[in-house]
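Asks: structure for this input, please:
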Amino acid sequence: MIEVIPCITLEHDLRLVLLAAFICIAGSITFNQLTRRSRFTTGFARAGWIGIGAIALCTTVWCTHFIAMLSFQAHVPVVIDPVLTMASLIAPVFGFFAAISLVIYGRTLLASIIGNTLLGLCMSGLHYLGMMAYRVDGIVSWDLGYVAASIACACAFTIASGLVLRRSSFEKLNLPAIGLYALGVISLHFTGMTGMEITSFAISDTPMDEATFVALSMATALAGLLVIAIGGITFFLDADQRKTGYEKLLQMAMTDTLTGLANRNAYMDDLNTRIQKAERNSATLAVIGIDMDRFKDINDSHGHKAGDAALIALANAFQAQCHSGEIVARLGGDEFAATKEYSTEEELEDFLSRLQSALNTRLQVNETTLHLSGSIGVARYPEDGKDSDTLRNNADLAMYRAKIHASNTICFYTASMDEEARQKRELAASLAQALENNELELYYQLQASVKSSKISGLEALLRWTHPKLGPISPSVFIPIAEESGLIIRLGEWVLRRACEDAAGWESEDKVAVNMSALQLTQVELPRIVHQTLLETGLPPHRLEIELTETAILEDRDRSLHVLRQIKALGVKVALDDFGTGYSSLEILRSFPFDKIKLDRFFMSEIEVSRESRALVRSVLSLGKSLSIPVLAEGVESAAQLSILKEEGCDEIQGFLLGRPEKLSDLIEIRSMQHGIETLFTSDAEQRNLGTVRIVSGG
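Replies: Next comes the predicted model:
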């Protein structure tokens, strides 16, 4: 084997040898990138990338072989057979494609070894087919030992390269693997050439003109580089497109889709960065909580479209008032937050004044002018807290204090704000008393099947009217119940009352009951559900438990164990508010839900936004692929219903069917059916009936 080195140095034009080596390395890099890309695709896209990789590799090996062959100083007249030369370029592509496919699709160690062995054999076939095209005026004889050694080198180096790739990340350029591929190609050629011996017949030993060989080699190199470059450019264009797509997805993940402001994740990341900077520079900053006043009233009185319009108008006003270095974000619902780095109190006061001015926005809804307002709470770093969570909590405390005192108020955090906690304790005590005295009520909202145009169920919603404070929003008393531990008793009361009501219905419609995170961690919950069903006489299949992803993730393993026991009773389980959490898909994989409830947020822009409609279509497609029916919440218009029918949604719920009502105010369920069916007719949709309430005539 030591004779290979003299063969290279003494019997070849070293300039062309270096050119061949350059082509080989460049092509190996392109081949590595293309096959790496194929591992992250599927279907026809993967086959396409494998095909491009096979062409790039075949071109690389062929150009390396052809240029190195031309660099050989045979000292006899030489003729290149064009037919065999082209055959050596085209035929091996199919073998390369099969070998690469075996490696990519196989994924096992054995598949890698077999596939890379096939690669080495294809390289060898290309080389020796090309050598058959090398015609000399004499006899060519081969040392079979060197021929076998050349094939063994090609196979060994490609197998080694494949093993290196298996043990490393596919996300980065793998130089050792590239080097081993290049060595496989180069060692194949020059080991084989060492075993070739030429006996000349020619009277003259004058070979083909050297300038012709060099020119032909340069032309081959340029053609090879062109093909390799096309493969490389294809890869980098795709990589750039994927990077742009990733950046767009990242922007979407960090942006509130309704308002265009930064969302909670983006805001908290920014706040943590600013706190670290302030700590280094001994600077001060203000964390500001902002909450709209009477937002629920806007939604209840004018519909969710008006509520969304109010949020958008407020966000635009905030953006118009912000200067460089200032940030306002929407955290969710009607809750906003802002951050301001300041050196003087005047700077902070100016920023707060601008925020307050933005809050005083007017919005025209139909013939009504809405005067928006809000409450602002401020916590300052470092005196009110030194970490993001503490500052946010204290800003919220100050904001709630501002909301209690008066609307459109700015309140700074003080340590005396324990009063807020006292008020919560009082509400918790009042709630416990209301539960004890049976002063709570259940309201019901209809659900309907899109396909059959019939009522499919009702969702039970808890309501509480305080004797002094009047109606208390569930968004206020439910968190208090969870913090005080009252949610367990409250949940059991709702479950029993809903089952009792449903058992008395003439129809066989389901009743849906929400479960909190704390309830799901109860080991006794399956027994409680079973006992309630037995005592109320409600068949298990008519009860549907609704829970959010957040509730499950509080204690994932225990929650899923409890849910499996409940499902074993025959009770239906629905995943509520789907699409608003971080792990919705993973949760779907972990448990066989009976229904997916698409969050009302997705309905807000479905009529005007392609993105919103595409998201809804994706969720509906996911439900179909998993054989899980999808219910769309927050459906308020016939236009939204028409879109959902077109996209294949299974069920709907929202103001279009009716607002939540007391059971006593609802017409007998069977007698409602005609009104529901009317909504689903095409004529009704064209007339855009809008919100329909189905209540008793009396």
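
Asks: hang on, Ile545 in a strand?
Replies: Yes: counting by DSSP: H, G, I helix; E, B strand; the rest coil, Ile545 is part of a strand.

Asks: from memory Ile139 sits against Thr199, does it?
Replies: Yes: Ile139 lies in contact with Thr199 (Cβ atoms under 8 Å); the separation is 4.3 Å. Heads up, the C-betas are built off the backbone N, CA and C, glycines and all.

Asks: per-domain residue ranges of this protein.
Replies: 4-247, 264-416, 428-686 (automatic domain parsing).

Asks: Met254: which of the ones you listed is closest?
Replies: domain 264-416 (3.8 Å; Cβ to Cβ).

Asks: do me a favour and get the end-to-end distance for the closest one?
Replies: In domain 264-416, first residue to last residue: 28 Å (Cα to Cα, to the nearest Å).

Asks: can you give the distance of it from its chain's centre?
Replies: Relative to the centre of its chain, domain 264-416 is centred 29 Å away, using Cα atoms, centre = their mean, to the nearest Å.

Asks: please produce a markdown table containing the domains of the chain, extended by mean pLDDT and distance to Thr257.
Replies: Below are the domains of the chain laid out as a markdown table (pLDDT from 0 to 100; distance: least, Cβ to Cβ, whole Å):
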| stretch | mean pLDDT | distance to Thr257 |
| --- | --- | --- |
| domain 4-247 | 77 | 16 |
| domain 264-416 | 86 | 10 |
| domain 428-686 | 86 | 7 |
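
Asks: adding mean neighbour count and distance to Thr255, write those out as CSV.
Replies: Below are these laid out as CSV (neighbours: other Cβ atoms under 10 Å; distance: least, Cβ to Cβ, whole Å):
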stretch, mean neighbour count, distance to Thr255
domain 4-247, 18, 12
domain 264-416, 18, 7
domain 428-686, 18, 11
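
Asks: how about JSON lines for those, with distance to Asp256 added?
Replies: As requested, these are arranged in JSON lines below (distance: least, Cβ to Cβ, whole Å):
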{"stretch": "domain 4-247", "distance to Asp256": "17"}
{"stretch": "domain 264-416", "distance to Asp256": "4"}
{"stretch": "domain 428-686", "distance to Asp256": "10"}
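
Asks: Leu129 against Ala91, yeah?
Replies: Yes: the criterion here is Cβ under 8 Å, and Leu129 meets it with Ala91 at 7.2 Å.

Asks: backbone torsions only: list them for Arg294.
Replies: With angles defined as degrees, to the nearest 10, Arg294 sits at phi 60, psi 30.

Asks: and the gap between it and Lys567?
Replies: Look at Arg294 and Lys567: by Cβ to Cβ, to the nearest Å, they are 41 Å apart.

Asks: now do Thr691, the pLDDT please.
Replies: Note for Thr691: predicted pLDDT of 38.

Asks: which SSE is Leu119 in?
Replies: helix 109-132 (DSSP states H and E).

Asks: so what strands line up beside the helix or strand that comes right after that helix?
Replies: Downstream of helix 109-132, the first helix or strand assigned by DSSP H and E is strand 134-136. Partners of strand 134-136 in the sheet, by DSSP bridges, are strand 78-80 (antiparallel).

Asks: now do the partner strand: distance to the chain's middle.
Replies: 59 Å.

Asks: stretch 423-433 too?
Replies: 41 Å.

Asks: and the next element down the chain from the helix or strand hosting Ala306?
Replies: Using DSSP H and E, Ala306 sits within helix 304-321. For helix 304-321, the following helix or strand on the C-terminal side (DSSP H and E) is strand 327-332.

Asks: and that next one with helix 304-321, angle?
Replies: Taking axes from the mean of the first three to the mean of the last three Cα atoms, to 10 degrees, one finds strand 327-332 and helix 304-321 inclined to each other by 160 degrees.

Asks: sheet-wise, list the partners of the helix or strand just after strand 327-332 with their directions.
Replies: For strand 327-332, the following helix or strand on the C-terminal side (DSSP H and E) is strand 335-342. Applying DSSP bridges, strand 335-342 is found paired with strand 284-292 (antiparallel), strand 327-332 (antiparallel).

Asks: for those, give me CSV that also has distance to Ala432.
Replies: Converted to CSV, the strands paired with strand 335-342 look like this (distance: least, Cβ to Cβ, whole Å):
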stretch, distance to Ala432
strand 284-292, 27
strand 327-332, 28
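
Asks: wait, which of these is closest to Phe593?
Replies: Using Cβ to Cβ, the strands paired with strand 335-342 put strand 327-332 closest to Phe593, at 23.8 Å.

Asks: list the contacts of the closest one.
Replies: 256, 258-259, 261-264, 266-267, 270, 290, 311, 315, 318-319, 322, 336-339, 355 (Cβ atoms under 8 Å, 6 or more residues apart in numbering).

Asks: in PDB, could you pull the C-alpha coordinates for it?
Replies: What follows is strand 327-332 as a C-alpha-only set of coordinates in PDB (Å, rounded to 0.1, in the frame of the first residue of the first chain):
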ATOM      1  CA  ILE A 327     -42.800  48.600  26.600                       C
ATOM      2  CA  VAL A 328     -46.500  47.900  27.000                       C
ATOM      3  CA  ALA A 329     -47.800  44.300  26.800                       C
ATOM      4  CA  ARG A 330     -51.100  42.400  26.900                       C
ATOM      5  CA  LEU A 331     -50.900  39.700  29.500                       C
ATOM      6  CA  GLY A 332     -54.400  38.300  28.800                       C
END
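
Asks: show me where the stretch 151-300 of the chain has strands.
Replies: In the stretch 151-300 of the chain, the strands defined using DSSP state E, counting those that start in this stretch lie at 196-200, 284-292.

Asks: okay if I get those strands as a markdown table plus distance to Thr532?
Replies: Output for these, formatted as a markdown table (distance: least, Cβ to Cβ, whole Å):
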| stretch | distance to Thr532 |
| --- | --- |
| strand 196-200 | 89 |
| strand 284-292 | 37 |
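
Asks: measure Arg401 to Gly537 for me?
Replies: Counting by Cβ to Cβ, the gap from Arg401 to Gly537 is 49 Å.

Asks: pretty sure Ser452 sits in a strand.
Replies: No: the assignment for Ser452, made by three-state DSSP, is coil rather than a strand.

Asks: right, and the helix or strand after the helix or strand containing Leu563?
Replies: Using DSSP H and E, the element containing Leu563 is helix 556-568. Next helix or strand after helix 556-568 toward the C-terminus (DSSP H and E): strand 572-578.

Asks: send the alpha carbons of that next one over as CSV?
Replies: Taking Å, rounded to 0.1, in the frame of the first residue of the first chain, the C-alpha atoms of strand 572-578 are listed here in CSV:
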residue,chain,number,x,y,z
LYS,A,572,-67.2,11.8,29.1
VAL,A,573,-64.1,14.0,29.4
ALA,A,574,-63.5,17.2,27.4
LEU,A,575,-60.3,19.3,27.1
ASP,A,576,-61.4,23.0,27.6
ASP,A,577,-59.8,26.2,26.3
PHE,A,578,-57.7,24.2,23.7
